[in-house]
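1. Predicted model and sequence follow; I will ask about them next.
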Amino acid sequence: MKKIIIGNWKMNPSSVKEAVSLVSNIDKKISSNGNVVLCPPFIYIGAVRGALSKKSSIKLGAQDCFYEEGGSFTGEIAPSMLKSMDVKYAIIGHSERRARGESNDIVNKKIRALLKKGIKVILCVGEEERDETGLYLKRIEEQVKEGLRGVSKNNFKNIIVAYEPVWAIGSDASKNCDPKDIKEISIFIKKILVDLSSREIGLSVQIIYGGSVDVKNAPEIVSNGGVDGLLAGRASLDAKKFSDIINLLFS
Ligand code: PGA
């Protein structure tokens, strides 16, 4: 299975000019056989798309989406709108959205709406903290199961699960997640997916890791963490850092 690298720009950069310059620089620096998804803020998607070279290996992703197809929903973006902008992926259930009230139920509605339009879903799951009693495993299990409720087995090929322990994300991360713990969770998630579908289907879903990914830890996370790719936040805002990670994995 070809690895995948996803860049989540979050609410950055602060101008469309910077967004265009960032994506052009990344595009120039990366090898053509990469499998890369960039998720800019909605408002930059058109400009970022326009800045990609003809042979670019970068695909477009969104950081969220609404679950209705249109109507009186001020400020929201529908899956069909994303599709019309060539967006192939959408991150759903990022912890920064969950922290602002997004429930597993809303995550599930968004996932189903996106799949209906043929947009692939990057479902983010992860615990806020690790407790001694293993309650965090229950939380991850719920996020996977409830997020995928009603999703047909046929659609599992359009799902990527990103394990993102909340305590390892962002500049205030308490520490990095050990690759052996990443491996444990990736096996745990695979088992849930197998139970929800079949052995063959469950094992074919890509599991990726996100949380303070950088050039130094990326190779180890991929080789010892047993994941099929990475989701980078801060590192994706620096063309050199992000392209170095990509080139390391796709050289
Ligand atoms: P980070 O963000 O790489 O800056 O820790 C990761 C994420 O939130 O997806």
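-> Yes, it's here.

2. Mind naming the longest helix for this structure?
-> Longest among the helix segments of the chain by residue count, using DSSP state H, is helix 179-196.

3. could you say what helices and strands the very next helix or strand once past that one packs with?
-> Sequence-wise, the next helix or strand beyond helix 179-196 is helix 199-204, with elements assigned using DSSP states H and E. Using 3 or more Cβ pairs under 8 Å, 6 or more residues apart in numbering; DSSP states H and E, the elements in contact with helix 199-204 are helix 179-196. All C-beta atoms are positioned from the backbone trio N, CA, C, and that covers glycine.

4. Report the distance from the helix it packs on to the chain centre.
-> Relative to the centre of its chain, helix 179-196 is centred 16 Å away, using Cα atoms, centre = their mean, to the nearest Å.

5. Flag every buried residue along it.
-> Using 16 or more other Cβ atoms under 10 Å as the test for burial, helix 179-196 gives Pro179, Ile182, Lys183, Ile185, Ser186, Phe188, Ile189, Lys190, Ile192, Leu193, Leu196.

6. Of those residues, which are in range of the ligand?
-> The subset of those lying close to the ligand, counting by Cβ under 6 Å from any ligand atom, is empty.

7. Is it possible to get a markdown table of those that adds distance to Ser236?
-> Rendered in a markdown table, the data for the buried residues of helix 179-196 read as follows (distance: Cβ to Cβ, whole Å):
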| residue | distance to Ser236 |
| --- | --- |
| Pro179 | 20 |
| Ile182 | 19 |
| Lys183 | 23 |
| Ile185 | 22 |
| Ser186 | 21 |
| Phe188 | 26 |
| Ile189 | 23 |
| Lys190 | 26 |
| Ile192 | 28 |
| Leu193 | 26 |
| Leu196 | 30 |
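
8. From those, pick the one nearest the ligand.
-> The shortest distance between the ligand and any of the buried residues of helix 179-196, using Cβ to the nearest ligand atom, involves Ile182 and amounts to 13.5 Å.

9. what's near enough to touch that closest one?
-> Tyr163, Tyr209, Ile221, Asn224, Gly225, Gly226, Val227 (Cβ atoms under 8 Å, 6 or more residues apart in numbering).

10. How about the contacts made by the first one?
-> With contacts defined as Cβ under 8 Å, 6+ apart, Tyr163 is in contact with Val125, Gly126, Ile140, Ile182, Ile185, Ser186, Ile189, Ile207, Ile208, Tyr209, Gly210, Val227.

11. got it, and the second one?
-> Listed by Cβ under 8 Å, 6+ apart, the contact set of Tyr209 reads Ala162, Tyr163, Glu164, Cys177, Ile182, Ser186, Ile221, Gly225, Val227, Gly229, Leu230, Leu231.

12. and the angle for the helix or strand where Ile208 lies with helix 179-196?
-> Assigned by DSSP H and E, Ile208 belongs to strand 206-210. Going by axes from the mean of the first three to the mean of the last three Cα atoms, to 10 degrees, strand 206-210 is angled at 140 degrees with respect to helix 179-196.

13. can you tell me the average pLDDT over strand 206-210?
-> Mean pLDDT, taken over the full extent of strand 206-210, equals 98.

14. strand partners of that strand, parallel vs antiparallel please.
-> strand 159-163 (parallel), strand 229-232 (parallel) (DSSP bridges).

15. Measure how far that strand is from the centre of its chain, please.
-> Taking Cα atoms, centre = their mean, one finds strand 206-210 lying 8 Å from the centre of the chain it belongs to.

16. try stretch 232-240
-> For stretch 232-240 - counting by Cα atoms, centre = their mean - the centre lies 14 Å from the chain centre.
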